[in-house]
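1. this one's sequence-less:
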């Protein structure tokens, strides 16, 4: 299932680690890294832990 690219999110190239915003990715005809040309990105997530209430 493909994930929608959000303009406010930050994405990182899996090959070279270059970070781009979702807005930059949506402006391109095909989402490729401007530095190395690779086509796979991962969403950069914050360091905040998730609190899950126990039973």
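-> Okay, I see it. Treat the numbers as computed from the prediction; the structure is a model and nothing was measured.
2. For residue 11, see how far away residue 45 is.
-> Residue 45 sits 11 Å away from residue 11, going by CB to CB, to the nearest Å. Bear in mind the C-beta positions are built from the backbone N, C-alpha and C, glycine included.
3. These two: who's more crowded?
-> residue 11 (21 against 8; other CB atoms under 10 Å).
4. Now that one: phi and psi?
-> Listed backbone geometry of residue 11 is phi -120, psi 150, with angles given as degrees, to the nearest 10.
5. Isn't it up against residue 42?
-> Yes - judged on CB atoms under 8 Å, residue 11 makes contact with residue 42 at a distance of 6.7 Å.
6. buried residues in the worst-scoring helix or strand of the chain on mean pLDDT?
-> Comparing every helix and strand of the chain by mean pLDDT, DSSP states H and E singles out helix 22-27 as the least confident one, with a mean of 86. The neighbour-count criterion (16 or more other CB atoms under 10 Å) identifies 22, 25 as the buried residues of helix 22-27.
7. who does that helix touch, helix- and strand-wise?
-> On a contact count with 3 or more CB pairs under 8 Å, 6 or more residues apart in numbering; DSSP states H and E, helix 22-27 meets strand 10-13.
8. Excluding its own residues, what touches the strand it packs on? List them.
-> Taking CB atoms under 8 Å, 6 or more residues apart in numbering as the criterion, the residues outside strand 10-13 that touch it are 5, 18-22, 25, 33, 35-36, 38, 40-44.
9. Quickly run through the sheet partners of that strand, with directions.
-> Taking DSSP bridges as the criterion, strand 10-13 forms sheet pairs with strand 19-21 (antiparallel), strand 41-43 (antiparallel).
10. residue contacts, the nearest residue to residue 11 once chain neighbours are set aside?
-> If the residues on either side of it in the chain are set aside, residue 11 comes closest to residue 41, at 4.1 Å by CB to CB, 6 or more residues apart in numbering. Residue 41 makes contact with 11-14, 20, 25, 31, 33 under the criterion CB under 8 Å, 6+ apart.
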